[in-house]
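Engineer: Fold the following, please.
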Amino acid sequence: MSAGGVSHGGETVRLTAAQAMVRYLAALRIEHEGRREPLFGGVFAIFGHGNVAGLGEALYAHRQALPTYRAHNEQAMAHAAIAYAKAHFRQRMMACTTSIGPGATNLVTAAALAHVNRLPVLFIPGDVFASRAPDPVLQQVEDFHAGDVSANDCFRPVSRWFEMQYYAIGKLIAGGCYVIGWFMPYFFAGKLESGNVCEYFVMMRHFRALGIREHDAILYEMGMKEKEHELYFLEQVKTSRLLPWFEKLFSWGRTHSLNDVDLAAKYPVEAGGLYCPNHPHRTVASQPSGNDRASSPA
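Structural biologist: Next comes the predicted model:
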């Protein structure tokens, strides 16, 4: 249970994770028939390894706002919590906390019953120590070949929290596959082609600075072909809702290009040196000639 700071009335209150959770549960309220009532009627508890030092201390400190009821059988208290929820027509609930190992697994059947019937209960079973320094702990149940697996994994198929957790993870993976597997390849290929356009016209200027013009036509054609490629990839992503965000981050998209070529109003080959005037590789010696200026479109 790590400590943290909470601002309260201008002061910083340091709480453990258990203390913060108990204060939160105690503060929850519902509106029912014109009156406000606590959401939680209390906590059924059997204390032992995994819950006595952290959660037990926090519950004791807030016993007036969130009463604790000592139980003697985990299965019985879990089903009693279900009965409490049913008696209050699913509008109020109880929490249950147990020690590690068999204490936790004794809640599983009740968790399944509450899960399939959509009955609100909060189960807070003890778990193994994350550091493994105290191993072995009395009644601890875990898989020694997988350090991230404990008895509490039994709750995965019968717990709404686990269900929502894996639903969220699944959506995240699906979204990642969509972005990485479809949008991003098209987007970055388009940006790459956009930058490639200027390379050919810069090369044309460098050749001209050396008095070489026999490659102008092929360099011009390759630059225009790269522009066609850029527009093709832009066409694939232009309707995506992700494009405005990526355009802000990477400065390429519907309103941003890395070149100034317009296929609808192309300069002639002789004026190819006018393209990409702000390219960082442009040299003074490669400024367009008078003929280039004269032949460029208005």
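Engineer: Would you state the strands of the stretch 1-150 of the chain in chain order?
Structural biologist: In the stretch 1-150 of the chain, the strands defined using DSSP state E, counting those that start in this stretch lie at 4-8, 11-15, 29-32, 35-38, 40-45, 68-70, 93-98, 122-125.
Engineer: Determine which of these approaches Arg160 most closely.
Structural biologist: Smallest distance to Arg160 across the strands of the stretch 1-150 of the chain (CB to CB): 10.1 Å, for strand 122-125. C-beta: built from backbone N, CA, C; applies to glycine.
Engineer: next one: that closest one to chain centre, how far?
Structural biologist: Relative to the centre of its chain, strand 122-125 is centred 26 Å away, using CA atoms, centre = their mean, to the nearest Å.
Engineer: Convert it to PDB, retaining C-alpha atoms only.
Structural biologist: Output in PDB follows, covering the C-alpha atoms of strand 122-125 (Å, rounded to 0.1, in the frame of the first residue of the first chain):
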ATOM      1  CA  LEU A 122     -17.800  -5.500  -4.100                       C
ATOM      2  CA  PHE A 123     -15.300  -8.300  -3.300                       C
ATOM      3  CA  ILE A 124     -11.900  -7.300  -2.000                       C
ATOM      4  CA  PRO A 125      -9.900 -10.500  -1.600                       C
END
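Engineer: Now do it: which elements does it pack against?
Structural biologist: strand 93-98 (3 or more CB pairs under 8 Å, 6 or more residues apart in numbering; DSSP states H and E).
Engineer: and the angle for the strand it packs on with strand 40-45?
Structural biologist: Orientation of strand 93-98 against strand 40-45 (axes from the mean of the first three to the mean of the last three CA atoms, to 10 degrees) gives an angle of 20 degrees.
Engineer: so what strands line up beside strand 93-98?
Structural biologist: Here strand 93-98 is paired, per DSSP bridges, with strand 40-45 (parallel), strand 122-125 (parallel).
Engineer: Pipe the ones you listed into CSV and attach mean neighbour count and distance to Ala264 per row.
Structural biologist: Below are the strands paired with strand 93-98 laid out as CSV (neighbours: other CB atoms under 10 Å; distance: least, CB to CB, whole Å):
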stretch, mean neighbour count, distance to Ala264
strand 40-45, 22, 67
strand 122-125, 21, 64
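Engineer: Of all the ones you listed, which one is nearest Leu15?
Structural biologist: That would be strand 122-125 among the strands paired with strand 93-98, by CB to CB, at 16.6 Å.
Engineer: residues making contact with that closest one?
Structural biologist: Residues outside strand 122-125 that contact it (CB atoms under 8 Å, 6 or more residues apart in numbering): 25, 40, 50-51, 55, 78, 93-98, 100, 103-104, 107, 110-111, 151-152, 155, 159.
Engineer: how about 7 Å then?
Structural biologist: The contact list for strand 122-125 (CB atoms under 7 Å, 6 or more residues apart in numbering) reads 55, 78, 93, 95-98, 104, 107, 111, 152.
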